[in-house]
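A.B. asks: pasting the sequence and the predicted model now:
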Amino acid sequence: MITNDGHRLAFHVTQGNGHTIVLDSGGGEDSSQWKDLVPKLHTETGATVITYDRAGLGKSDVVPGAWKVESAVSDLKSGLAQLGVTKNVTLVSHSQAGEIASYFAKDNPKMFSGAVLVDANLPPFFTDEEIPRLVAASQPQVAAAKKDPDKPENRQIISTAEDFAPAHKAFHKVTWPDAVPATVIVSEKTPLDGSPADVQRWRDAAATFAQDGPNRTLVTAKGSSHEVPKDRPDLVLKEIEDMAATRH
């Protein structure tokens, strides 16, 4: 358990050699999302593998109010610092964790040797046209979550919805640092399966992100839903291993 800004967070460390792979879960998911990948990654790479529970999830303390990416970045950075991890990090981020990765890498590029963004939220997707569509589409889910607000996944849905529009207008302007190589895995079915237009925009955003800087690779997870770590663990494992191997 580490403490940051008055709350405690659970970090899970599988100790290895001089480089570190950090796995950051998607929205509403805790560190158990990666439980099957951790031992394989550790065996294949020899790296230290770290997972953690974001605030309000798993064994970490609840922090009331709107979800703020700045707080999430602070939690992860503080946790890694308290564990002595300050460089040679390969960051693996699923879904909502793509937002944490983008802000963290922008401000601390020297800390990262590379990133694998797994069907992650990426800045190009959150246009002024797309944000209202996402807000409208999420309304039934938010309303359902409010009927059982103490459930961790529901708490996450509610807190993410609170400042969604302004937060994502700001996120749209974030630029990924050229110094940090990135593999972008995009799911074939995407998280927006019900709307062909939004599905295409999600794919286009991943392609745009991959094209917008050096050392970026786009990979499609064939046959996978948004839950790529569950549907295609083989692919995720391969891309993490490749990124870790080329950077150390």
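C.D. replies: Right, received. Where do you want to start?

A.B. asks: Ser93: what's it in contact with?
C.D. replies: Neighbouring residues of Ser93 by C-beta atoms under 8 Å, 6 or more residues apart in numbering: Asp24, Ile100, Ala101, Ala115, Val116, Leu117, Val118, Ala120. The C-beta positions use only the backbone N, C-alpha and C, and glycine is treated the same way.

A.B. asks: these in helices, which ones?
C.D. replies: When these are checked against helices (DSSP state H), the matches are Ile100, Ala101.

A.B. asks: and stretch 82-98, what's its mean pLDDT?
C.D. replies: Across stretch 82-98, the average pLDDT comes to 97.

A.B. asks: pull out the buried positions in that stretch.
C.D. replies: Neighbour counts over stretch 82-98 (16 or more other C-beta atoms under 10 Å) mark 83, 85, 88-98 as buried.

A.B. asks: in strands only, show me those.
C.D. replies: Among those, DSSP state E puts Val89, Thr90, Leu91, Val92, Ser93, His94 in strands.

A.B. asks: and the buried residues of stretch 82-98, which is closest to Asn215?
C.D. replies: Thr90 (13.3 Å; C-beta to C-beta).

A.B. asks: what bridges to the closest one?
C.D. replies: Ile21, Gly114 (DSSP bridges).

A.B. asks: need the contact list for it.
C.D. replies: Here Thr90 is in contact with 19-22, 47, 112-116, 240, 243-244, 247 (criterion: C-beta under 8 Å, 6+ apart).

A.B. asks: so how far is Pro123 from it?
C.D. replies: Using C-beta to C-beta, to the nearest Å, we find Thr90 at a distance of 21 Å from Pro123.
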